[in-house]
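# missing the sequence, but the structure's below:
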């Protein structure tokens, strides 16, 4: 069965994911494209890279449904790209900070994208319940006996009392 992309939930999930990511970064006050020395890597930065994308991926998967994990990596990429572009070309780098080298910034963005995908998987697990064990479907023929079936070793038979005969 081939599943096609549904355009409205796709774009709605991307937009909501971008809003969650942007507002989360804004509330935390973290811009990962800026390097302030070692104080850059503090608790708020950790939350912006590892916890916020988890929520972003969960929200994308909640809106899109099955397959949301595959589109959950777009919002961190989109938001961080525009943030980097905004810092570099529009608002400029604040005094005392440097623009993160592209290689390190790319590494951090990929890290956030992967965590967002994990959030998408968790969203599918929580919302759609598609992973894990499931009980086999019950048929009406087996409804006569309410007792669990007993496995019998080959070459042995059981009597009515359950003991070997």
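Alright, I've got the coordinates. None of the values given here were measured: they were computed from a predicted structure.
# count the residues that sit near residue 114.
Using other C-beta atoms under 10 Å as the criterion, residue 114 is surrounded by 16 other residues. Where C-beta positions appear, they are placed from N, C-alpha and C, glycine not excepted.
# not counting sequence-adjacent ones, nearest residue to it?
In this structure, residue 114 finds its nearest non-sequential neighbour in residue 73, 7.4 Å apart by C-beta to C-beta, 6 or more residues apart in numbering.
# what's the neighbour count on residue 76?
Applying other C-beta under 10 Å, we find 30 other residues in the vicinity of residue 76.
# so it is in contact with residue 56, correct?
Yes: in terms of C-beta atoms under 8 Å, residue 76 counts as a neighbour of residue 56; the distance is 6.4 Å.
# list the buried ones in the strand or helix carrying residue 119?
With elements delineated by DSSP states H and E, residue 119 resides in helix 102-128, which encompasses its position. Of the residues in helix 102-128, those buried by neighbour count under the rule 16 or more other C-beta atoms under 10 Å are 105, 108-109, 112-124, 127.
# and stretch 35-45, by the same measure?
By neighbour count, with 16+ other C-beta under 10 Å as the criterion, the buried positions of stretch 35-45 are 35, 45.
# for residue 76 and residue 56, list the residues in contact with both.
When C-beta atoms under 8 Å, 6 or more residues apart in numbering defines a contact, the residues bordering residue 76 and residue 56 alike are 21, 116.
# quick revisit: next up, the contacts around the residue nearest to residue 114.
Contacts were defined as C-beta under 8 Å, 6+ apart; by that measure residue 73 touches 57, 113, 114, 116, 117, 120.
# now the residues you listed as TSV including distance to residue 100?
Compiled in TSV, the contacts of residue 73 are given as follows (distance: C-beta to C-beta, whole Å):
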residue	distance to residue 100
57	23
113	16
114	18
116	19
117	22
120	26
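# residue contacts, the residue nearest to residue 34 when sequence neighbours are not counted?
Nearest residue to residue 34 in three dimensions, chain neighbours excluded: residue 97, at 4.5 Å (C-beta to C-beta, 6+ apart). With contact set as C-beta under 8 Å, 6+ apart, residue 97 has these partners: 34, 35, 36.
# contacting residues around the helix or strand harbouring residue 85?
Residue 85 belongs to helix 74-85 when assigned by DSSP H and E. For helix 74-85, the surrounding residues in contact (C-beta under 8 Å, 6+ apart) are 14, 17-18, 20-22, 25, 31-33, 53, 56, 60, 105, 108-109, 112-113, 116.
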